[in-house]
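In: structure for this input, please:
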Amino acid sequence: MQATLTQDHVADVSVEASGRSSRIAMEVNIVRSVLERLAETIGWAGNGACAEGINTADDAQMVLEAALRAVTERLHDGDATAGEHVSQLSALDQLRQAQVMLQEAVTARRAEAVSYVRVAIDNLRQIGTVAELVSRAPIEAARLGFDRCLVSKISDAKWIPRSAYAEGDEELADAMVDVGNRTPRVIDARLVECELVRQRKSLLIRDAQHNDRVHPELVRLVQPVSYVVAPIIAKGSVVGFIHADTKPGGNPVDEFDRDLLDAFSTGLSITLESLYYREQLDRIRQHMEGLGSLSSSLLGEGNSAFDNADQESELLVPSTRSLLQSANRLLDRLTRREVEVLMHMANGETNRRIAARLFVSEATVKAHVKHILRKLDAANRAEAVSRYYRAG
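Out: Here you go, the predicted structure:
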């Protein structure tokens, strides 16, 4: 059922992307034809040559502006005949009409993309598990007008791809994840993504082919002209990335696309954190149910205090509530970041390793550990971790 649902969403996204691309392409073709006609009308051969090289809306806009300047200059030519002036005025009118139509198409595409942010986030909210969310996120992000999207996690300060989408090319999507996993990159100053982790702001990477701070293997595979990347944030930390771009030959991504992806990643982050805590709560409930079953088996059948099933439930509920309240009281003493450090301490990680995971200095981690020990009235790390486990 999940696979079928995913395939259906992939098909929907492909149709939507195709529709948006065709509308822009139609306006670009109109601009091209206008310039070709004007090349004959006003004898400006440059228009015809430039028209052949127009592939994107940005290309069309640049050539239109150049043509408008050229025609305006000719209008001020005192040697032109009356007939030539009429042709030039007609050309000016056609160029301006083409410019307006092109701008309207771009504006419509952007308005549509903004509306799809809400659609994409609403779709994510219907998902029931973190695993499915990670799988679906790049597909939903593509609704915003991207051709390729990649969702990655940060593990041991390394960039690890988890899922990808490539419009009309499943093999490329699989290869993006495979290449990224075979060549994981440490997130340090050598990568532009390090700035994203520190500042928690989405980035636009221009001219990716000649940028020495990108993931070289992924760039060689995908061949992006430019790309945008946004942080995925949970529990107060950047836990992953979402990258997106358009196919070569299409309109390169720009600041607007960066802001679009940033809005999407915000919704994705909120949904991820909600699902994470929901799954944690489910595990706690299962654990407490297991404790209840164990207590019953140890007490044995026929014990008068537990003969009645309703009595057993009434006794277990206060016990569970008391344990959860105790855990809350313990963790309420700590800041969010201190809880995060304590969780890493519970996993047996050193200060250096914790610092690498949280992208802070080792001195900062030591300060957090000191505060944790004081607030929990623990003599050492082992005692603090012990209290953490007893509370959870």
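
In: going by C-alpha atoms from here, please, whenever you check contacts or count neighbours.
Out: OK.

In: I232: what secondary structure?
Out: Put simply, I232 is strand when judged by DSSP: H, G, I helix; E, B strand; the rest coil.

In: just give the nearest non-adjacent residue to it, would you?
Out: Ranked by Cα to Cα, 6 or more residues apart in numbering and with sequence neighbours excluded, the top spatial neighbour of I232 is G240, at 4.9 Å.

In: double-check that the one you found belongs to a strand.
Out: Yes. Assigned with three-state DSSP, G240 falls within a strand.

In: how about Q61, what does it touch?
Out: Counting by Cα atoms under 8 Å, 6 or more residues apart in numbering, Q61 touches Q99, L102.

In: got the CA coordinates for the helix or strand hosting it in CSV?
Out: According to DSSP states H and E, Q61 maps onto helix 57-75. Output of helix 57-75 as CSV, limited to C-alpha atoms (Å, rounded to 0.1, in the frame of the first residue of the first chain):
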residue,chain,number,x,y,z
ALA,A,57,12.8,32.6,-19.0
ASP,A,58,16.0,34.4,-17.8
ASP,A,59,17.5,34.1,-21.2
ALA,A,60,14.4,35.5,-22.8
GLN,A,61,14.2,38.4,-20.4
MET,A,62,17.9,39.4,-21.0
VAL,A,63,17.5,39.3,-24.8
LEU,A,64,14.2,41.3,-24.7
GLU,A,65,15.9,44.0,-22.6
ALA,A,66,18.8,44.1,-25.1
ALA,A,67,16.3,44.3,-28.1
LEU,A,68,14.3,47.1,-26.4
ARG,A,69,17.5,49.2,-25.9
ALA,A,70,18.5,48.7,-29.5
VAL,A,71,15.1,49.7,-30.9
THR,A,72,15.0,52.7,-28.6
GLU,A,73,18.4,53.8,-29.9
ARG,A,74,17.2,53.5,-33.5
LEU,A,75,14.1,55.6,-32.7
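
In: rounded mean pLDDT for the helix or strand just after it, please.
Out: Downstream of helix 57-75, the first helix or strand assigned by DSSP H and E is helix 82-125. Average pLDDT, helix 82-125: 84.

In: contacts for the next helix or strand after helix 82-125, please.
Out: Downstream of helix 82-125, the first helix or strand assigned by DSSP H and E is helix 130-141. Helix 130-141 is contacted by residues 6, 9-10, 13, 117, 120-121, 123-124, 127, 149-151, 162-165, 242, 261, 264, 268, 272, 275-276 when judged by Cα under 8 Å, 6+ apart.

In: check stretch 146-157 too.
Out: With Cα under 8 Å, 6+ apart as the contact definition, stretch 146-157 has outside contacts at 17, 134, 137-139, 141-142, 159-167, 173, 176-177, 186-187, 238-247, 353, 356-357, 359.

In: do that again at 6 Å, thanks
Out: The contact list for stretch 146-157 (Cα atoms under 6 Å, 6 or more residues apart in numbering) reads 138, 160-167, 186-187, 239-247, 356-357.

In: could you do stretch 193-203 as well?
Out: I187, D188, V228, V229, A230, V238, D262.

In: neighbour-wise, which of the residues you listed leads?
Out: Within the contacts of stretch 193-203, A230 tops the neighbour count with 29 neighbours, counted by other Cα atoms under 10 Å.

In: contacting residues for it?
Out: Applying Cα under 6 Å, 6+ apart, we find A230 in contact with S202, F241, I242, D262.

In: what about the residue nearest to the second one when sequence neighbours are not counted, distance to D377?
Out: I take that to be F241. Spatial nearest neighbour of F241, chain neighbours left out: P231 (4.7 Å); criterion: Cα to Cα, 6+ apart. As judged by Cα to Cα, to the nearest Å, P231 and D377 stand 36 Å apart.
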